[in-house]
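> What follows is a predicted structure for the sequence shown.
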Amino acid sequence: MVIEPNGEAFGVFIFNSNAQDYKFDEFGEDKAMFTYRTIGGILDVFVFSGPTPELVIRQYQSIIGNPYLPPYWAFGFQLCRYGYDKLDNMKAAMFRTLNASIPIDVHYGDIDYFRKRLDFTWNTEDFNGLPEYIDWLH
């Protein structure tokens with residue numbers, strides 16, 4: 001996006017899946033050069049006329065779509081690690097965090113709780129009581 005001294009704006013979007021290189025050079029306060037290089041591919045070039053920065057962004061979003069808004073909890077503190085070999089170790093990490101008054105939004109384990117590292121399973125021996133612990137977390 002370029003914003004002119006009078007506040008008007010325009011934008012250019014070059015869509016290309018091949019390797020690309022961009023370079024900006026300034027030659028003083030009011031002179032600049034933009035160099036675009038690519039190794040090939042199909043170029044889709046979109047020019048957004050604006051004339052305001054907000055309209056340039058809206059025109060750009062009409063091409064690429066609106067951004068995904070992550071869930072609120074995803075921005076919070078998350079506690080996870082590889083190496084919780086028993087449910088008691090996982091609980092101990094949670095209670096250390098709570099006792100230190102650190103806000104926590106998510107607590108999860110890596111593949112340690114799987115039975116023999118198999119997806120969609122859980123080790124009922126080392127992680128006995130996991131469903132009850134998950135209920136407590138909720």
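Thanks, I have the structure now.
> Mind checking which residue lies nearest the centre of this structure?
P70 (8.4 Å; C-alpha atoms, centre = their mean).
> This protein: strands as residue ranges?
With strands called from DSSP state E, the chain shows them at 2-3, 9-15, 20-26, 32-38, 44-48, 78-79, 106-107.
> Turn those strands into a markdown table, including mean pLDDT and mean neighbour count.
Bear in mind the C-beta positions are built from the backbone N, C-alpha and C, glycine included. Shown next, in a markdown table, are the strands of the chain (pLDDT from 0 to 100; neighbours: other C-beta atoms under 10 Å):
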| stretch | mean pLDDT | mean neighbour count |
| --- | --- | --- |
| strand 2-3 | 92 | 14 |
| strand 9-15 | 95 | 15 |
| strand 20-26 | 89 | 10 |
| strand 32-38 | 89 | 11 |
| strand 44-48 | 96 | 13 |
| strand 78-79 | 91 | 14 |
| strand 106-107 | 90 | 14 |
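> Redo these as JSON lines? Include distance to L87.
Formatted as JSON lines, the strands of the chain follow (distance: least, C-beta to C-beta, whole Å):
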{"stretch": "strand 2-3", "distance to L87": "56"}
{"stretch": "strand 9-15", "distance to L87": "49"}
{"stretch": "strand 20-26", "distance to L87": "49"}
{"stretch": "strand 32-38", "distance to L87": "53"}
{"stretch": "strand 44-48", "distance to L87": "52"}
{"stretch": "strand 78-79", "distance to L87": "14"}
{"stretch": "strand 106-107", "distance to L87": "12"}
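> Out of the ones you listed, which is closest to I134?
strand 106-107 (9.6 Å; C-beta to C-beta).
> Adjacent strands (with direction) for the closest one?
strand 78-79 (parallel) (DSSP bridges).
> I appreciate the help and will end here.
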